[in-house]
Structure formats: structure tokens, C-alpha cells
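Student: Structure of the sequence below:
(one chain, ligands or ions: 2)
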Amino acid sequence: MTAVPDTRIPSGSVQPAPFPVGHLPVATGSEAGRGRRVVWKFGGTSIGDADRLRAVATRLIAARRQGLQVVAVLSAKGGATDDLVSLAHKVSPKPHPRELDALLAVGESTSCALAAIAIHELGERAVSLTGPQAGIYTDDSHGNARLQRVSPERVVEALEQDMIVLVTGFQGVSANGDITTLGRGGSDASAVALASALGLRECDIFTDVPGVFTADPRVVPGAQKLDSLSHYEMLQLADAGARVLQTRAVELAAAHDIDIHVRSSFTCDAGTRVHRGKPMLEEARVCGVAHLHHDPLYTVTGVSSAAVSAALARRDMAIGSIICCEGEVQFTAPGTTPVRLVAALGAMDAGVAVRDELGSVSVVSMTGGNQPGTITTALSALERSGITVHLVACTPNRVSCHVPATDVDRAAQALHDAFGLHELAGAIATGGVPTAQEKPSHA
Ligand code: ASP
Ligand code: MG
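Tutor: Numbering: from 1, shown residues only. Ligands and ions are numbered 1, 2, ... in the order given. Model prediction:
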């Protein structure tokens, strides 16, 4: 660990920071090095009020004074984007997507401008840049725009002028100059994309939890923080409902070889490193349980699976699992709502039944070739707990079970117990090899 220089800010008219800057090991280990660039993203709760915003500003200043070149990507403050969405819907049931994006982008602009003001007040140089100013170019699919390129010249220029650079998360600009947004939770993707464009190999995501856990600790009290996991495992967890990182951001990190360090914005502790390393060859490892409290099952009759899929794709909705059997198409579509889904299918002459009372639990595992063991352990655990499983979708790396929404928490706990995830620091668990003599589970 390198020595931390005294970076305390002289007091004046300035309000005291919630924790003393001198106590923040802002540049330890791989962070150390004068002139080194970092991209740090702060989520909505990290900047939820003036004190927290000032704490973030203080942290950025400490890093800057230690010689780092700091880019901070900020979200809107917690709840702000939801408030803007509902404001728009008070004015119109169907706001124009271009104008909705223009409105939603305001949340992140506010955070960045306020953070810059806070940093100035604390005596350091900073500039806020919007997505367009930071050169974040996207296509024109408003509300869920895809990144096309990042040209960070202005960011680099400001860094070279010794400024702390605050970039709005979530925002981009289309080829015709309109503001776009990157989908909910999209600030994570902004941070990863910017890190990549600046030639970095990692990006830190500061959030209101200490890292990625083996399950949601609010649902499974014995859940453990993972020290590290691969992009691939994180992608599966995020897709199955773990909300700590946006799925698209993990995909982007995997594609561009960026490590993501998920860590608490309230402490200096190491969090979870989501890394580009590959798991050991045929290593059996269960890294966690993810859940969705609401994951309806849809049954459509009278149309083909291709027609269903095309109708959803036109509205940018994705299918989770799908089964076609005797003229019926059964599928899930996590990430959308029954209202939107039924509307999307509405134009077709199809019967749609919605099992709205279901949720899902998933085990994410690298099976090391023992997929049967993992599936058996999972299903046996749910059966022993008396939980009815309505649909199971298996891939080599994931077992997802649809269960009644009211049983989701119990199911997550049962799976977590069955794989012994509560016992594991760094959490490595095998799926077990069921034999005729053995009960097919660990519990
Ligand atoms: N503010 C946006 C949202 O709430 C983007 C983000 O926070 O990442 O979805
Ligand atoms: Mg988020």
C-alpha cells in the first residue's frame, strides 16, 4: 500500500466533509500512480443529497490531489429518473420518445453540474460535460439507444488542464444531434464505454452496497460478498435479476476487456472485481443465486413462435425462455410488463394468457461438466421446501425456475443453502455429484 499524503482540505466557509479526506485511501494498489487516469461511476444513492454529493466531491478531490486524472460518471440522484418519467406521463399517456429522452437526461445533467459546483466550492477545478459534450454517440433508438462510438477529446483536454471531469451517465447523442438515453441503469454502460475509449483496463462503480453478493442480502441474510467473478458469471447473474450492474454494461466490459470494480461509495473497502479472467478449466463453481419477484409466464395460441418473437422485437422486448408445444407458445419476457407485452401482441389475432403471479429464481454456475448435479441439487432443494416449480429453463451455466411470486424469497434461501453459499468466503461451491447412494443435494 502506498502512503496516503495529507489531502485534507483547508476549512474556510466550506462545510465539513462527512468523512475526513485524509482517511480515504483513494489510490492504493493498482490505483496508485501519478497521472494515472481513472473512471469512477457513482450511482443515484451515492449522490442522493447535498451531504452525499459533497462526500463524493471530497473523494474526487482527494484522488486528484494525489495525482490521479479523475473522470466521474454520475447517475441522476436516486428516484429522480422515476419522477421525471411519471411527470411526463401526467402530461401525456404516450410521450414522444425524443422528448422523453430530452426530459430524462435532465437528472444526470443536474448531478454533474451540482458536483462541479461542490468541487469548485471545495477549492478544486472541475467541469461537467453532458453525453454529447463528452462525445458519447449512439443510434437513434430513444429510450434504449445503443452506443456507437465514444470520442472523448473534450474529456482528455479537460483532464490535461488538471480538471476533475464529471460526465453525465445514461446520456448520448444521435447522429442528427438529438439527446438519447441508454436504457434504465445505463450510467454503468456510460462508465464502461468511457473507460474503454480512454484506453483504460478497468472502471470503478461506486454504489450503495459493498459489492456483488451470492444472493440479495435483503432476501438471503447469509449471503456473502464475492471477492471476484468473471464477466460471464456476472452477465448471467445480472440477466437473472441481480440488480447491482446493468446487463449491457457487463456485456460491454466483456467485449472490451474492462474489469469492473463494484464497491461501496460510503467506505474505502475493496468490493468485488468483475474481471476478464476465465474460470479455471472445468472448475465447478456456483457463484450465486439471483431472483425476480415478478417474472410472468405468457402462453400464446394461434400464432407461431417466430411471429411472437418478431412482434416483441419490434417493440425492443426480449424473450427470456420459450417453449413451443402443440400449437402453444409459452415464454417469459423479463424486463417488460404484461401491459406492454399484451399491447405488442395486440395487433395479432392471438389468444394470450398471463400467469402474472409468478417470479423466478436462478442458480448461476460454471458446472465443470456436472450440469446434471447442479440441476438436481437445485430442483431437489425446491421440492424439499415444498415450492411448486412451474417452468425450468436450463443452460450449461444457469438453472432458472419459475415459482409463485410469494415463494421467491424462500426459494432463493433454499437454493443458497443447498449450494452451501453462506459458508464461502469468496464463494466457490460445486454442484455435487449425485450417486445412487447419496441424496442428490448438499443440504
Ligand atoms: N438515472 C438512470 C436510471 O435511473 C440511469 C442510471 O441511473 O444508471 O435508470
Ligand atoms: Mg444502477
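
Student: contacts, neighbours, all on C-alpha from now
Tutor: Fine.

Student: Flag every residue of the protein that's near ligand 1.
Tutor: By the rule Cα under 6 Å from any ligand atom, the part of the chain lying against ligand 1 is 44, 75, 76, 81, 170, 184, 185, 186, 187, 188.

Student: Now restrict those residues to buried residues only.
Tutor: Neighbour counting with 16 or more other Cα atoms under 10 Å marks 44, 75, 76, 81, 170, 185, 186, 187, 188 as buried within the residues of the chain next to ligand 1.

Student: Can you name the residues that contact the first one?
Tutor: So that's residue 44. By Cα atoms under 8 Å, 6 or more residues apart in numbering, residue 44 lies in contact with 74, 75, 76, 77, 78, 79.

Student: What ranges in the chain fall below the confidence cut-off?
Tutor: Applying pLDDT under 70 to the chain flags residues 1-34, 278-283, 367-369, 424-443.

Student: center of it, which residue is that?
Tutor: In the chain, the centroid-proximal residue (Cα atoms, centre = their mean) is residue 245; its distance is 1.4 Å.

Student: Enumerate every residue touching it.
Tutor: By Cα under 8 Å, 6+ apart, residue 245 lies in contact with 185, 188, 238.

Student: Hmm, the second one is touching residue 247, no?
Tutor: This points to residue 188. No - between residue 188 and residue 247 there is no contact under Cα atoms under 8 Å: 9.1 Å.

Student: Show me the contacts of residue 245 that map onto helices.
Tutor: 188, 238 (DSSP state H).

Student: So which of the contacts of residue 245 is the closest to ligand 1?
Tutor: residue 185 (3.2 Å; Cα to the nearest ligand atom).

Student: Excluding covalently adjacent residues, which one is nearest to that closest one?
Tutor: Leaving out its chain neighbours, the residue that sits closest to residue 185 by Cα to Cα, 6 or more residues apart in numbering is residue 246, at 5.6 Å.

Student: Enumerate every residue touching the one you found.
Tutor: For residue 246, the contacting residues are 185, 186, 188, 189, 238, by Cα under 8 Å, 6+ apart.

Student: wait, doesn't the first one sit right on residue 170?
Tutor: Spelled out, that is residue 185. Yes - contact status for residue 185 versus residue 170: in contact at 7.3 Å, counting by Cα under 8 Å.

Student: Let me see the contact set for residue 73.
Tutor: Contacts of residue 73 (Cα under 8 Å, 6+ apart): 39, 40, 41, 42, 166, 167, 168, 169, 187, 190, 191.

Student: Confirm it sits in a helix?
Tutor: No - counting by DSSP: H, G, I helix; E, B strand; the rest coil, residue 73 is not found in a helix; it is strand.

Student: count of residues packed around residue 82?
Tutor: Residues lying near residue 82 (other Cα atoms under 10 Å) number 14.

Student: pretty sure it is in a helix, no?
Tutor: Yes - with three-state DSSP as the criterion, residue 82 is assigned to a helix.

Student: follow-up on the earlier one: ok, which pair from the buried ones among the residues of the chain next to ligand 1 is furthest apart?
Tutor: Comparing every pair within these by Cα to Cα identifies 81 and 188 as the most remote, at 14.9 Å.

Student: in what helix or strand does the residue nearest to the centre of the chain lie?
Tutor: Assigned by DSSP states H and E, residue 245 belongs to no helix or strand.

Student: Please, where are all the helices along the stretch 101-250 of the chain?
Tutor: Assigned by DSSP state H, counting those that start in this stretch, the helices in the stretch 101-250 of the chain fall at 153-160, 187-197, 231-239, 247-255.

Student: circling back: for the residue nearest to the centre of the chain, phi and psi?
Tutor: Main-chain torsions, residue 245, degrees, to the nearest 10: phi -130, psi 150.

Student: Please apply the same query to residue 184.
Tutor: The phi/psi pair for residue 184 (degrees, to the nearest 10) reads phi -60, psi 140.

Student: so who does it touch?
Tutor: By Cα under 8 Å, 6+ apart, residue 184 lies in contact with 144, 170.

Student: what about it, distance to residue 143?
Tutor: Residue 184 sits 8 Å away from residue 143, taking Cα to Cα, to the nearest Å as the criterion.

Student: just residue 256 next, same as before
Tutor: From residue 256 to residue 143 the distance is 23 Å (Cα to Cα).

Student: Repeat that for residue 86.
Tutor: Look at residue 86 and residue 143: by Cα to Cα, they are 15 Å apart.

Student: quick one: which of the two has more around it?
Tutor: For residue 86 and residue 143, the more surrounded residue by other Cα under 10 Å is residue 143, and the numbers stand at 18 against 13.

Student: quick one: that one and residue 343, what's the gap?
Tutor: Computed as Cα to Cα, the residue 143 to residue 343 distance reads 18 Å.

Student: now residue 186
Tutor: Using Cα to Cα, residue 186 is found at 25 Å from residue 343.

Student: Then residue 203?
Tutor: 39 Å.

Student: Please apply the same query to residue 82.
Tutor: 22 Å.

Student: The stretch 251-400 of the chain: helices as residue ranges?
Tutor: Going by DSSP H, counting those that start in this stretch, the stretch 251-400 of the chain shows helices at 305-314, 338-346, 371-384.

Student: the inter-axis angle of the shortest one versus helix 305-314?
Tutor: The one in question is helix 338-346. 120 degrees (axes from the mean of the first three to the mean of the last three Cα atoms, to 10 degrees).

Student: Now helix 338-346: buried residues?
Tutor: Across helix 338-346, burial judged by 16+ other Cα under 10 Å covers 338, 341, 342, 344, 345.

Student: List of residues touching that helix?
Tutor: 296, 308, 311, 312, 315, 352, 354, 356.

Student: Skipping adjacent residues, who's closest to the first one in space?
Tutor: It refers to residue 296. Nearest non-adjacent residue to residue 296 (Cα to Cα, 6+ apart): residue 356, at 4.7 Å.
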